[in-house]
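> predicted model and sequence below, questions to follow.
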Amino acid sequence: MNKFLTTGLGAAAASALPAIVSAQEAVGMDQRINEIFAASTGWFVNLIFMSLPGTNFPWIVLWLVVAASVFTIYFGFIQIKAFAHAISLVKGDYSDPNDAGEVSHFQALTTALSGTVGLGNIAGVAVAVGIGGPGATFWMILAGLLGMASKFTECTLGVKYRNEYPDGTVSGGPMYYMTKGFKERGLPLGGFLAIVFSIFTIGGALGGGNMFQANQAHAQISGIVGNYPGWLTGIIFAAVVFAVIVGGIKSIAQVTEKVVPFMGILYVAAALVILIVEYDKIGWAFGQIFEGAFTGLGVAGGFVGALIQGFKRAAFSNEAGVGSAAIAHSAVRTKEPVTEGVVSLLEPFIDTVVICTMTALVITISGVLLMDPATGQFILNEAGTSIQTVDGSSGVQLTSAAFAVGFSWFPYVLAVAVVLFAFSTMISWSYYGLKAWTYLFGEGKTKEIIFKLIFCFFIIVGAAADLGAVIDFSDAMIFAMAVVNITALYCLMPIVKREMNSYFSRLKSGELKKFVK
Amino acid sequence: MSKATIIVGLDGGEAGNRALTFACGQAKLIGDCALKLVYVIEWSPFSFQTSEENEQRHKRREEELSQARTRIMDPAVKEVTDSGLAVEGIVRHGDVADILDDMAKKHSAQQIVVGRVGLRGLKERMFGGVTGRLAVASSVPVTIIP
């Protein structure tokens, strides 16, 4: 879900490019599209990813981290206070048995997770550790922990202001709390924010949630079976996604939804096994992480470099504050919006604090990052931009190499996982995009099908071409969502606080009880 | 309030009908005995779903409940009522064995009657059939009708 991956992983896609487009004029076409796109949207991309003066720290990352810190303090460290309660809610301890058959907390959480767990956890972390050193992990964990408060805020609002239609379906997300919540507080511009947010969401869905995923999936597949035209992957992916979202072939989505969690568990299990086998190095690895966090251990940019990379990865991987999770979580069956906010706390925790940390530990322990035994400092590559690796790889390939030290067969499993993660992320984002689309243009079969067809078309485009500028633009869109969404969250956070205080006081007084099984 | 209660598990098929026929016979022998017919729609709160399924879930649930009532429960209740017995139909989502046992506890039933469904498929072999699990976990006697 980010532009920084494209630099790492794009290399694989770029090397496949000559094979993709056999006709020269097609290459020319790609370039022309790139140029036109870059010329007209470059200012927007630059604006979103602009660095703070005198640093290479993108302001958007600071925006996300500051918001997460503000919510953490404002809600009194809700991520720590309510953590045990979140697990209790997911287990169904507070679910009314008469609501059996409705969307459970567990289902809402896992649905949202399938949209965020993906390339960011596998490739993104490798990029972060490769550039920022193991110390980046410390800042990543910290940002993940803070991000839990952002999720809590947006998901509570998502459920509180969702629309429930007469036919029993529900629709929720930032556009609804922007309009309804702002109206309730007597604030202006709610409708305007909702429209801007929806436009960015459609852009993000087609880009980061679609083209980028297709592009990376193709890079993975061609990395294993050898180069072949990208449009072929694109057409296959598009056909499968088409079957799911237009054809309503639920079985494919259902299979994915079952296989993806299995892949996630397999990934964590493999990481755990490696850590257990190499248990004597865990202490050393954590030492590297803490030491590197404050000294940088000689990585590019030193301590600040580690901090920037860690914050970036966490923010880009768990999407806390972006607003996408508020759409996914809002279908849950609950009378108390705060319950879903509390459950959503677990999302950045699982995504960033657990899965990303596993990846980082395995990479650190595996020794794929080259270190100078004399000084204990990492060896930088010739350009001095990142740490030299065993085989010169970065991104997914680096993670793959690190796991291969433990299990030689793991790269194949990882390739399958990446493709499935990419697919489930696409399905999730097709839904987010559709919600934004129908918010703008109204509901209706024809309007929905138009969006879905556009979505499928962009899969082919994403897999076939290395449209860097297009992907940069759509990544910028995802983070532009965060600009609008967090602005709204700041305006509406008193409402969340009121809900939170009311809920926890009733929980404490025993008014809200566990259901005895 | 009848002095005895029998829970009957329906499955919309032959096995459930056998259980119902047997339970009706028992109820008549006992005399003052009420039947609680239970039909469970298999569902787990721990399954994985897509956003679209979640959005539609409430609507689907209503549809599932009304279909189960009109197709399975209502005809069964009518049949039992016609034979002069006190009867109530219950349709729920969840795990069949759990719900049947829950209902037995809730209505202080003396026994649960279910039809035997022949074991088939890998899933049944691995986890045991509903009747098997019910027999193992139930808090009241279970009669399984072959």
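Looks like it came in fine.

> now stretch A:274-282: average pLDDT?
Confidence for stretch A:274-282, expressed as mean pLDDT, is 89.

> quick check: end-to-end length of that stretch?
This stretch, stretch A:274-282, spans 10 Å end to end (CA to CA, to the nearest Å).

> over to stretch B:27-40?
Its start and end residues considered, stretch B:27-40 measures 22 Å (CA to CA).

> per-residue pLDDT of residue 23, please?
If you meant another chain, say so; for now it's chain A. 44.

> meant chain B, my bad for not saying
91.

> kindly confirm my reading that it is in a helix.
Yes. Per DSSP: H, G, I helix; E, B strand; the rest coil, residue B:23 lies within a helix segment.

> burial check on it, number of neighbours?
Residue B:23 has 27 neighbours, counted by other CB atoms under 10 Å in any protein chain shown. In short, each C-beta sits where N, CA and C put it, glycine included.

> same deal with residue A:81?
Residue A:81 has 14 neighbours, counted by other CB under 10 Å.

> ok, now residue B:18?
For residue B:18, using other CB under 10 Å, the count is 16.

> okay, buried residues for the helix or strand hosting it please.
According to DSSP states H and E, residue B:18 maps onto helix B:14-30. Residues of helix B:14-30 classed as buried by neighbour count (16 or more other CB atoms under 10 Å in any protein chain shown): B:15-20, B:22-24, B:26-27.

> tell me the residue in chain B that is farthest from the middle.
Farthest-out residue of chain B from its mean C-alpha position, per CA atoms, centre = their mean: residue B:51, at 30.2 Å.

> find the closest residue to chain B in the stretch 351-500 of chain A.
Closest residue of the stretch 351-500 of chain A to chain B, CB to the nearest CB: residue A:431 (4.0 Å).

> which residues does that residue contact?
Residues near residue A:431 by CB atoms under 8 Å, 6 or more residues apart in numbering or on different chains: A:327-328, B:50-52.

> repeat that with 6 Å
Taking CB atoms under 6 Å, 6 or more residues apart in numbering or on different chains as the criterion, residue A:431 is in contact with B:51-52.

> where's it, which helix or strand?
Applying DSSP H and E, one finds residue A:431 within helix A:410-441.

> list the buried ones in that helix?
Across helix A:410-441, burial judged by 16+ other CB under 10 Å covers A:410-411, A:413-440.

> which one of the buried residues of helix B:14-30 is nearest residue B:101?
Distance to residue B:101 across the buried residues of helix B:14-30 (CB to CB) is lowest for residue B:19, with 15.4 Å.

> now that closest one, nearest residue through space, not along the chain?
Using CB to CB, 6 or more residues apart in numbering or on different chains and skipping residues adjacent in sequence, the residue nearest residue B:19 is residue B:115, 4.1 Å away.

> likewise for residue A:184?
Nearest residue to residue A:184 in three dimensions, chain neighbours excluded: residue A:495, at 7.3 Å (CB to CB, 6+ apart).

> low-scoring stretches of chain B, by residue?
B:1-2, B:118-128 (pLDDT under 70).

> which residue ranges form the strands in it?
With strands called from DSSP state E, chain B shows them at B:4-10, B:33-42, B:86-94, B:111-115, B:142-145.

> any chance of these in JSON lines, plus mean neighbour count?
Listed next are the strands of chain B as JSON lines, based on neighbours: other CB atoms under 10 Å in any protein chain shown:
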{"stretch": "strand B:4-10", "mean neighbour count": "25"}
{"stretch": "strand B:33-42", "mean neighbour count": "21"}
{"stretch": "strand B:86-94", "mean neighbour count": "19"}
{"stretch": "strand B:111-115", "mean neighbour count": "25"}
{"stretch": "strand B:142-145", "mean neighbour count": "18"}
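
> picking that back up, the residue nearest to residue A:184 should be in a helix, yeah?
Yes. Judged by three-state DSSP, residue A:495 forms part of a helix.

> give me the pLDDT value at it.
Looking at residue A:495, its pLDDT reads 95.

> before we move on, what about residue A:350?
At residue A:350, the model reports a pLDDT of 92.

> now do residue A:308
Looking at residue A:308, its pLDDT is 82.

> get me the contact residues on the stretch 251-400 of chain A for chain B.
A:253, A:257-258, A:261, A:328, A:331 (CB under 6 Å from any CB of the partner chain).

> just name the closest of those to residue A:51, please.
Residue A:51 lies nearest to residue A:328 out of these, by CB to CB, at 31.1 Å.

> may I ask which helix or strand encompasses that closest one?
Using DSSP H and E, residue A:328 falls within helix A:324-329.

> just to revisit the earlier point, for the helix or strand just after the helix holding residue A:431, C-alpha coordinates in CSV please.
Using DSSP H and E, the helix or strand that follows helix A:410-441 in sequence is helix A:445-464. Only the C-alpha atoms of helix A:445-464 are listed here, as CSV (Å, rounded to 0.1, in the frame of the first residue of the first chain):
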residue,chain,number,x,y,z
LYS,A,445,-27.3,-1.7,-10.2
THR,A,446,-26.0,0.1,-13.3
LYS,A,447,-23.9,2.6,-11.4
GLU,A,448,-22.4,-0.1,-9.3
ILE,A,449,-21.6,-2.2,-12.3
ILE,A,450,-19.9,0.7,-14.0
PHE,A,451,-17.5,1.1,-11.0
LYS,A,452,-16.9,-2.6,-10.8
LEU,A,453,-16.0,-2.8,-14.5
ILE,A,454,-13.6,0.2,-14.1
PHE,A,455,-12.1,-1.6,-11.1
CYS,A,456,-11.5,-4.8,-13.1
PHE,A,457,-10.0,-2.8,-16.0
PHE,A,458,-7.5,-1.2,-13.7
ILE,A,459,-6.3,-4.6,-12.5
ILE,A,460,-5.1,-5.4,-16.1
VAL,A,461,-3.5,-2.0,-16.4
GLY,A,462,-1.8,-2.4,-13.0
ALA,A,463,-0.4,-5.8,-13.8
ALA,A,464,0.6,-5.1,-17.4
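
> which elements pack onto helix A:445-464?
With contacts defined as 3 or more CB pairs under 6 Å, 6 or more residues apart in numbering or on different chains; DSSP states H and E, the packing partners of helix A:445-464 are helix A:212-225, helix A:230-245, helix A:410-441.
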